[in-house]
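# just to be clear, the model below is a prediction. Sequence and coordinates:
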Amino acid sequence: MVAATERRSEWPLTLCVLCGLAGLIVLTFYNWRNGILIFSGSVLLAGLLRAVLSDDVAGLLHVRGRMFDTALLLGVGAAILLLGLIVPNG
């Protein structure tokens, strides 16, 4: 069991999820390209937070090792960003 003093902080995950939801709302109702850019920014933010924060503070962003999590999140975020920049805004 996790003691009350050992609880992980979940603000990094909450911040990234809220930014991702904002991107999905913009993507769905307003502008496809801007929504994709906001969404990719939230994934890139998660990667940067995982790289900077310690394992205890990263909370649920800490899945595997720091290098693996950071590379995965930054890679996926960069792929989404590239998709948003390549596909024409229709």
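Received, thanks.
# mind checking which helix or strand residue 41 is in?
Under the criterion of DSSP states H and E, residue 41 resides in helix 32-52.
# and the next helix or strand past that helix?
helix 55-58.
# by contact count, what packs against the helix holding residue 41?
If you count contacts as 3 or more Cβ pairs under 8 Å, 6 or more residues apart in numbering; DSSP states H and E, helix 32-52 packs onto helix 11-29, helix 66-86. C-beta: built from backbone N, CA, C; applies to glycine.
# CSV for these, including mean neighbour count?
Shown next, in CSV, are the helices and strands packed on helix 32-52 (neighbours: other Cβ atoms under 10 Å):
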stretch, mean neighbour count
helix 11-29, 15
helix 66-86, 15
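# in TSV: the ones you listed, plus distance to residue 44 and mean pLDDT.
Below are the helices and strands packed on helix 32-52 laid out as TSV (distance: least, Cβ to Cβ, whole Å; pLDDT from 0 to 100):
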stretch	distance to residue 44	mean pLDDT
helix 11-29	9	92
helix 66-86	4	91
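# and of these, who's closest to residue 47?
Ranking these by their distance to residue 47 (criterion: Cβ to Cβ) puts helix 66-86 first, at 3.3 Å.
# now the closest one, how far from the centre of its chain.
Relative to its chain's centre, helix 66-86 lies at 9 Å (Cα atoms, centre = their mean, to the nearest Å).
# okay, the angle between it and helix 11-29?
20 degrees (axes from the mean of the first three to the mean of the last three Cα atoms, to 10 degrees).
# ok so, going back, buried residues of the helix holding residue 41, list them for me.
Across helix 32-52, burial judged by 16 or more other Cβ atoms under 10 Å covers 35-51.
# residue contacts, the residue nearest the centre of the chain?
By Cα atoms, centre = their mean, the chain has its centre lying nearest to residue 43, at 2.6 Å. Taking Cβ atoms under 8 Å, 6 or more residues apart in numbering as the criterion, residue 43 is in contact with 16, 20, 73, 76, 77, 80.
# from residue 56, how far off is the closest residue to it other than its chain neighbours?
Spatial nearest neighbour of residue 43, excluding adjacent residues (Cβ to Cβ, 6 or more residues apart in numbering): residue 77 at 3.6 Å. Note on residue 77: its distance to residue 56, by Cβ to Cβ, to the nearest Å, is 23 Å.
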